[in-house]
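A.B. asks: Sequence and computational prediction follow.
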Amino acid sequence: MNQSDLVTCVGNAITQLDSLLMSGDPAFNTPSWQQLFALRKHLDDQQRNLVQQTIQGDDDTFQNVAGTIKAATQDLTTAIDEQKTVDSIINIVAQISAAVDAVLKMA
């Protein structure tokens, strides 16, 4: 995976969150909805930072963290498709965000 792939992967997670937030479950303006929206906004900010950074993509550490992000994004898809609890979805998004933070620290 390279930096561009990683940016796309994070973008896919954001799109999934947009769809979930628009679905009505959780209900608009509930604490769960607001928490998901805040995480979505944070991921959007992180994605923008990823685009602006120059990151060494052939580094083993980058590849490991990128793999974690890709796996967590797949977990997010599964959780949404299987209508898992909002708390489990929030936990997955938090994992994605923490891994993106690790990548941003490499720059």
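C.D. replies: That came in fine, so what should we check first? Just so it is clear, the model here is predicted, and its values are computed rather than measured.
A.B. asks: Tell me how far residue 19 lies from residue 78.
C.D. replies: According to C-beta to C-beta, to the nearest Å, residue 19 stands 14 Å off from residue 78. Backbone N, C-alpha and C define where each C-beta goes, glycine included.
A.B. asks: All the helices of the protein, in order from the start?
C.D. replies: 3-22, 31-52, 60-81, 86-104 (DSSP state H).
A.B. asks: Just name the most buried of those.
C.D. replies: Ranked by mean neighbour count, these are led by helix 86-104 with a mean of 18 (mean count of other C-beta atoms under 10 Å).
A.B. asks: Show me how far that one is from its chain's centre.
C.D. replies: Centroid displacement of helix 86-104 relative to its chain, using C-alpha atoms, centre = their mean, to the nearest Å, is 6 Å.
A.B. asks: same thing with stretch 31-48?
C.D. replies: The answer for stretch 31-48 is 9 Å, by C-alpha atoms, centre = their mean.
A.B. asks: contacting residues around residue 107?
C.D. replies: The contact partners of residue 107, by C-beta atoms under 8 Å, 6 or more residues apart in numbering, come to 53, 54, 55.
A.B. asks: Oh, that last question was meant for residue 91, not what I typed.
C.D. replies: Applying C-beta under 8 Å, 6+ apart, no residues qualify as near residue 91.
A.B. asks: Tell me how far it lies from residue 61.
C.D. replies: Distance from residue 91 to residue 61, counting by C-beta to C-beta: 23 Å.
A.B. asks: pLDDT weak spots in this structure?
C.D. replies: For the chain, no stretch has pLDDT under 70.
A.B. asks: What distance do you get for residue 90 to residue 26?
C.D. replies: Applying C-beta to C-beta to residue 90 and residue 26 gives a distance of 10 Å.
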